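> kindly return the folded structure for what I paste below:
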Amino acid sequence: MTLSVGQRVRLAVELRLAGSATPAGEPSKETGAFAASLALAAGVEGMVERVDEHDGEQSHEVREYLRLKSLLQDFGHQMPPASRTQLEEQVGALEEHWVAHQRRALHVTVRVRLDNGFVLDTAPAEAFTSTLPA
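Presented below is the predicted three-dimensional model:
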């Protein structure tokens with residue numbers, strides 16, 4: 001499901017936020033003066049304020065995989081069998097990098113202002129569902 005700015009959404013999973021807190025208006029002499037924990041129940045609704053798509057950078061191995069795969073597809077049928085086999089082996093050796101890149105290639109995060117006043121920023125889009133029926 002693709003989320004868009006202004007869309008009403010519902011938290012699909014329960015979230016537990018934990019970390020340190022500092023009293024507002026007071027300079028903190030040490031970080032983590034207080035421990036804090038907050039739980040947000042699944043079903044809390046809010047509105048999407050921002051949608052960010054993060055396209056993962058291609059590593060050297062991914063770029064090399066794409067280059068060799070293209071070479072194999074375009075010219076593999078014209079290559080001598082030994083060269084084609086060697087190229088296929090090189091592509092196969094880099095394939096795990098390509099698969100890993102595809103899994104993380106497009107990561108979407110959102111900023112959602114929940115109805116209870118909390119704001120979740122850079123939250124994964126898959127943590128939310130639309131409040132409109134499908």
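> tell me which helix or strand the residue nearest in space to the middle of the chain sits in.
To find the centre residue of the chain, average its C-alpha atoms and take the closest one (CA atoms, centre = their mean): that gives His107, at 2.7 Å. Using DSSP states H and E, His107 maps to strand 106-114.
> show me where pLDDT drops low in the chain?
Low-confidence segments of the chain, defined by pLDDT under 70, are located at 1, 24, 26-33, 56, 105, 133-134.
> biggest strand in it by residues?
The strand spanning the most residues in the chain, taking DSSP state E as the definition, is strand 45-55.
> once you drop chain neighbours, what's closest to the residue nearest to the centre of the chain?
Leaving aside its sequence neighbours, His107 sits nearest to His54 (CB to CB, 6 or more residues apart in numbering; 4.5 Å). In short, each C-beta sits where N, CA and C put it, glycine included.
> just list the residues touching the nearest residue to Glu88 once chain neighbours are set aside, thanks.
Using CB to CB, 6+ apart and skipping the chain neighbours, the partner closest in space to Glu88 is Leu72 (6.6 Å). Remark: with contacts taken as CB atoms under 8 Å, 6 or more residues apart in numbering, Leu72 is in contact with Arg84, Leu87, Glu88, Val91.
> against Asp55, how distant is the residue nearest to the centre of the chain?
Note on His107: its distance to Asp55, by CB to CB, to the nearest Å, is 8 Å.
> next: Gly25.
According to CB to CB, Gly25 stands 40 Å off from Asp55.
> neighbour-wise, which of those two wins?
Just comparing Gly25 and Asp55: by other CB atoms under 10 Å the higher neighbour count belongs to Asp55, 9 against 5.
> Tyr65: which element?
In the assignment (DSSP H and E), Tyr65 maps to helix 60-75.
> show residues contacting the helix or strand just after that helix.
Scanning forward in sequence from helix 60-75, with DSSP H and E defining helices and strands, the next element found is helix 81-104. The contact list for helix 81-104, computed with CB under 8 Å, 6+ apart, reads 56, 58-59, 61-62, 64-66, 68-69, 71-72, 76, 79.
> over to stretch 9-16?
Counting contacts by CB under 8 Å, 6+ apart, the residues touching stretch 9-16 from outside are 3, 37-48, 110, 112, 114, 120, 126-131.
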